[in-house]
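1. Need a 3D model of the sequence below.
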Amino acid sequence: PNHTAVLSCGSPDITFRDLLEQFVAIYNDRFGADYALDADALELRNSKKKKMSQKQSIAGNITDKQDFFVHPSTSKPTPKRAARPRASPPVASPPSQHHVAPAHAPAAPVP
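-> Numbers count the residues shown, from 1 in each chain. Okay, here's the model as predicted:
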């Protein structure tokens, strides 16, 4: 759902990431049960559609009542290490029921 939030910036040390997290918290309090947002998947843009660096302080970079817009992130996500698949414990079967033939050979009948 569309959502607008008025955020207060009490400290010049606040970053654009902090503003984004404030917005996401307010949004998720209201709509999170059905439409939760993840700040890691979003970015802020100004009215000229310029992407704001999340590490950048807002001090000197915004004016009072300036509008910012939340967009899906265009940054490539940091690849996460894939979990190694766990090996299943070997399943023993009686020798009379187990036969492995090379891929090029016809399967032998099981006695």
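2. Surely Gln22 and Leu7 touch.
-> Yes: the pair Gln22 / Leu7 is scored as a contact, 5.1 Å apart, by C-beta atoms under 8 Å. Yep, even glycine has a C-beta here, placed from its N, CA and C like the rest.
3. So between these two, which is more surrounded?
-> Taking neighbours as other C-beta atoms under 10 Å, Gln22 and Leu7 compare with Gln22 leading, 16 against 13.
4. Would you indicate which residues of the strand or helix carrying the more buried one are buried?
-> Here Gln22 sits within helix 16-35, counting by DSSP states H and E. For helix 16-35, a neighbour-count test (16 or more other C-beta atoms under 10 Å) marks Phe16, Arg17, Asp18, Leu19, Leu20, Gln22, Phe23, Val24, Ile26, Tyr27 as buried.
5. Look up how far Lys55 lies from the fourth one.
-> Leu19 is 12 Å from Lys55, where distance means C-beta to C-beta, to the nearest Å.
6. and what of the third one?
-> When distance is defined by C-beta to C-beta, Asp18 is 10 Å away from Lys55.
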